[in-house]
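> Everything below, folded, please.
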Amino acid sequence: MIDSDNFLHEKMRSFGEETYKKFLCHELIYNWDELVDATIAKKIRPVTIERGVLFVDVKNSAFKDQLKFFAEEIVDAINYAFAQEPPLVKEIKIAKGFQIADMPPEKISVSAQIDKLKVTLEQITLTDEEIQSCRAQSEKFSDDSLRETVFLTLLSQTRIQKFRLANGWHKCRNCDKLCPPEEIFCEACRIKERNLMIEELFRIFYDAPWLKTLEAQKILLEKMPHMRDECQPDVIESARTSLIQKVAGGIRLGDEDSPDVMKLVMLAKRLPPEKITPAIVRRTLIDLQFNLAEQPKLQRYLLKTFQK
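Numbers count the residues shown, from 1 in each chain. As a prediction, this is how the structure comes out:
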């Protein structure tokens, strides 16, 4: 079991939750050969962890179908080794091409990441003025024990903030929280911006449903250039799929010329209206019957249409 209470882990925890998650991801990659069976380690390599999902690169295409048989074993081994709450990994998925491309060329020792720091936490000292400021804030509390606890907590927070600033951390683009050098937003603002990006993609596809992935990406980046790292092809296609499901759910029965039907077909086929024919409409709706089987309105529409 990997010791999560040692000095290195405690130090990384002090940098913030997001930094600590990235640290654990690097730890997992670095210790992969020790965490899983040798046979699995040769065929599956970890890429990244996102919101409890471990994305892996499977070199042998034939082994991809077998991954489901080993997934539970791998998840259990990882969570036992790291002993996090909530668990570090909940499920395993095959990594996308862009995720694999972002992998470092070789494993980097976690201790080497510490060596990159310009200033260590031990080197951070507080000025008399900073200490007095913390003391003044703690004086609001009448209970002696609580006042001392608040004072020590404020001292710790002030040291961590100075440590981060000394190592290149900066204010979030949208708020006053500090972000690591490689990030633009804090975690909360990043989630908000990502949701805004998805909403913008919905508007782009709703206005021009025939757009190809790269065309939609170009338009989005003209409006939200700061989201370049987040605006990956799989995110764009996920937004298109969500919009297809939304449009399909609002189809009116028996109206083949409905704008919703045309929009649905253009979204699915990436074709402009002048290239849509009755045959393409029928073929697309048949295909969507299988892909969106959970859409009851679409099923009823198809049933009525093909009974004519």
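
> going forward, measure contacts between C-alpha atoms and count neighbours the same way
Noted.

> Could you list the single helix or strand in the protein with the lowest mean pLDDT?
Every helix and strand in the chain was compared by mean pLDDT, DSSP states H and E; the lowest is helix 296-306, with a mean of 45.

> Look up phi and psi at the residue nearest the centre of the chain.
Central residue of the chain (C-alpha atoms, centre = their mean): Glu50, 4.9 Å from the mean position. The phi/psi pair for Glu50 (degrees, to the nearest 10) reads phi -130, psi 120.

> again with Ile94
Main-chain dihedrals, Ile94, degrees, to the nearest 10: phi -70, psi 130.

> That one: neighbouring residues, count only.
18 (other C-alpha atoms under 10 Å).

> and what of Phe185?
Based on other C-alpha under 10 Å, the number of other residues close to Phe185 is 23.

> from now on call the first residue 346
All set: I'll call the first residue 346, so the last point we hit is now Phe530.

> Is it part of a helix or strand, or is it coil?
Per DSSP: H, G, I helix; E, B strand; the rest coil, the local secondary structure of Phe530 is coil.

> just Ile437 next, same as before
Reduced to three states by three-state DSSP, Ile437 is strand.

> excluding its backbone neighbours, what's nearest it?
Spatial nearest neighbour of Ile437, chain neighbours left out: Leu399 (4.8 Å); criterion: C-alpha to C-alpha, 6 or more residues apart in numbering.

> Give me the distance between the one you found and Val434.
Counting by C-alpha to C-alpha, to the nearest Å, the gap from Leu399 to Val434 is 6 Å.

> Quick check: the gap between the residue nearest to Ile437 and Glu363.
For Leu399, the distance to Glu363 (C-alpha to C-alpha) stands at 16 Å.

> Looking at the two, which one has more neighbours?
Neighbours per residue, other C-alpha under 10 Å: of Leu399 and Glu363, the larger number sits with Leu399, 21 against 14.

> Now the element after the helix or strand where that one lies, going C-ward?
Assigned by DSSP states H and E, Leu399 belongs to strand 398-403. Per DSSP H and E, strand 398-403 leads on to helix 406-409 as the next helix or strand towards the C-terminus.

> Report all helices and strands that that next one contacts.
On a contact count with 3 or more C-alpha pairs under 8 Å, 6 or more residues apart in numbering; DSSP states H and E, helix 406-409 meets no helix or strand.

> and after that helix, which helix or strand comes next?
Assigned by DSSP H and E, the successor of helix 406-409 is helix 412-427.

> Taking strand 398-403 as reference, get the angle to that next one.
120 degrees (axes from the mean of the first three to the mean of the last three C-alpha atoms, to 10 degrees).

> In terms of secondary structure, what does helix 412-427 contact?
Packing partners of helix 412-427 (3+ C-alpha pairs under 8 Å, 6+ apart): helix 377-380, strand 436-439.

> now for these, which one comes closest to Ile529?
Comparing these by their distance to Ile529 (C-alpha to C-alpha), the top pick is strand 436-439, with 26.9 Å.

> Mind listing what's buried along that closest one?
The neighbour-count check on strand 436-439 (16 or more other C-alpha atoms under 10 Å) flags Ile437, Ile439 as buried.

> Show me what that strand is packed up against.
Applying 3+ C-alpha pairs under 8 Å, 6+ apart, one finds that strand 436-439 makes contact with strand 398-403, helix 412-427.

> quick one: Thr558 and Lys614, what's the gap?
Distance from Thr558 to Lys614, by C-alpha to C-alpha: 12 Å.

> Also Trp377?
Taken as C-alpha to C-alpha, the span from Trp377 to Lys614 is 42 Å.

> Repeat that for Val434.
Counting by C-alpha to C-alpha, the gap from Val434 to Lys614 is 36 Å.

> what does Lys404 give?
Using C-alpha to C-alpha, Lys404 is found at 31 Å from Lys614.

> Give me the more crowded residue out of the two.
Ranked by neighbour count (other C-alpha under 10 Å), Lys404 and Lys614 place Lys614 first, with 17 against 12.

> on that earlier part again, closest to Lys563 out of the helices and strands packed on strand 436-439?
strand 398-403 (26.6 Å).
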